[in-house]
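[1] below: sequence and its predicted model.
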Amino acid sequence: MSSFGGFGQAPVAAAAVTIEKSTPWMAASDGNLELVQTALASLNLSPSATDEVGYTLLHAAAAYNQRNVLEWLMAQQGVNVNAQDNDGDTPLHHVEHVEAAKFLVGVMQANPTIINSEQKTAWQARHEELQEQMDDEDEDEDEVLKALVEYLKSVTSQC
């Protein structure tokens, strides 16, 4: 049996992943639901666990638009869609894509009027960020943020 180019060789098992304190949050950010679940079990943590700055798995998944993790977390008991980290930011304050915002508000019923420690709603915080970025050269990033700001503005004004 030839081993040219790796053909004909037995499959190699995936390398074992070292589970560390930060693993569940990193996995949630990456959309790796299997690793989130494995890490939580290994570290004996609940899906509503927070890190040292109050950041939840929901914050991490929302920030990186990880729909599969968001859906799983929604089904877990004790997960609070309006959980605030040490800065008072909710998962909605951390979203960077309108799709995640729509899921948080429309499906998980996040409250867009919650203010953080800077006295800003998610819309106000992202609007300020957009104003600061208007000088940047990256128009694609601006368009993504503009869409998010418009959505957050619309849902905040409806409350």
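    On my side now, so go ahead. Residues are numbered from 1 along each chain as shown.

[2] excluding its backbone neighbours, what's nearest Gln37?
    The shortest distance from Gln37 to any non-neighbouring residue, by C-beta to C-beta, 6 or more residues apart in numbering, is to Trp72 (7.9 Å). Bear in mind the C-beta positions are built from the backbone N, C-alpha and C, glycine included.

[3] state the pLDDT value of that neighbour.
    What the model reports as pLDDT for Trp72 is 98.

[4] let me see the contact set for it.
    If you count contacts by C-beta atoms under 8 Å, 6 or more residues apart in numbering, Trp72 has them with 33, 36-37, 47.

[5] just give me the closest of those residues to Ser157.
    Pro47 (31.7 Å; C-beta to C-beta).

[6] host element of the nearest residue to that closest one once chain neighbours are set aside?
    Counting by C-beta to C-beta, 6+ apart, Pro47 lies nearest to Gln76, which is 3.9 Å off, once chain neighbours are set aside. According to DSSP states H and E, Gln76 maps onto no helix or strand at all.

[7] so Gln76 sits against Leu40, correct?
    No - between Gln76 and Leu40 there is no contact under C-beta atoms under 8 Å: 9.6 Å.

[8] right, and Tyr55 touches Met26 too?
    No - counting by C-beta under 8 Å, Tyr55 sits too far from Met26 to count as a contact (11.5 Å).

[9] neighbour-wise, which of these two wins?
    Taking neighbours as other C-beta atoms under 10 Å, Tyr55 and Met26 compare with Tyr55 leading, 21 against 14.

[10] how close does the more buried one sit to Pro91?
    To Pro91, Tyr55 is 9 Å away according to C-beta to C-beta, to the nearest Å.

[11] contacts for the longest helix along the chain?
    When the chain is parsed with DSSP state H, its longest helix is helix 139-157. Helix 139-157 is contacted by residues 92, 95-98, 101-102, 105, 112-113, 121-123, 126-127, 129-130, 133-134, 136 when judged by C-beta under 8 Å, 6+ apart.

[12] repeat that with 7 Å
    95-98, 101-102, 105, 112-113, 121-123, 126-127, 129-130, 133, 136 (C-beta atoms under 7 Å, 6 or more residues apart in numbering).

[13] put the buried members of those into a ChimeraX selection.
    Here is the ChimeraX selection string for the buried members of those, based on 16 or more other C-beta atoms under 10 Å:
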select :95,96,97,98,101,105,112,121,122,123,126,127
